[in-house]
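Enquirer: below are the sequence and a predicted model for it; my questions follow.
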Amino acid sequence: QRGISFLRRLLGEQPLCDAPWVKDWRDAHDIDFEKFIGADLVPKWNPFSGADGTKEYREAKDALVEMMTSTATNSLDKFATKCRNHTEEQQKNDIAGLLMALCQEPGLLAALEVDRKPPWRTKLNDWLPPTTEPPPTG
């Protein structure tokens with residue numbers, strides 16, 4: 001564990017943080033690399049997963065992570081369409097899962113976006129307000 005903390009600290013400090021390969025890796029907005037570098041800035045525990053996690057959260061998280069990795073919103077569109085076809089009660093569970101996933105994944109990563117905004121952030125922000133697929137709440 002001490003080796004991991006040491007490496008994390010070295011990657012975040014000069015001269016290593018200014019190395020071209022580290023800059024290139026950071027500029028690629030690799031989500032796993034960002035989480036590794038910023039692990040001390042965000043909680044390690046995910047309160048929405050594990051034994052208390054829901055199917056709706058897992059499905060929403062999968063759609064979000066796919067969008068964050070690819071910067072295409074197709075996975076979120078599919079999630080929203082599937083949600084719209086559910087009963088009103090299930091739609092509420094789906095929306096709750098999406099809200100939890102938004103808090104956990106892009107929400108926590110916002111703490112690591114000091115001077116750099118990843119390309120998926122704008123795509124997500126553009127997708128949320130105008131989408132017509134998520135169902136209205138009753």
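Expert: Received, thanks.

Enquirer: is Cys83 in a helix, a strand, or coil?
Expert: Under DSSP: H, G, I helix; E, B strand; the rest coil, Cys83 falls in the helix class.

Enquirer: what's the neighbour count on the residue nearest to it when sequence neighbours are not counted?
Expert: Sequence neighbours aside, Asp94 is the residue nearest to Cys83 in space, at 4.0 Å (criterion: C-beta to C-beta, 6 or more residues apart in numbering). Just so you know, the C-beta spots here come from the backbone N, C-alpha and C atoms, and that holds for glycine as well. By other C-beta atoms under 10 Å, the residues close to Asp94 number 24.

Enquirer: doesn't Asn85 make contact with Asp94?
Expert: No - if you go by C-beta atoms under 8 Å, Asp94 and Asn85 don't touch, sitting 10.0 Å apart.

Enquirer: what residue lies at the spatial centre of the chain?
Expert: Most central in the chain under C-alpha atoms, centre = their mean is Glu105, positioned 2.8 Å from the mean C-alpha point.

Enquirer: show me the shaky parts of the protein.
Expert: Along the chain, the model assigns pLDDT under 70 to residues 1, 29, 38-43, 131-138.

Enquirer: got the residue ranges for the helices in it?
Expert: Assigned by DSSP state H, the helices in the chain fall at 2-12, 20-27, 31-37, 55-70, 74-84, 88-102, 108-109, 119-127.
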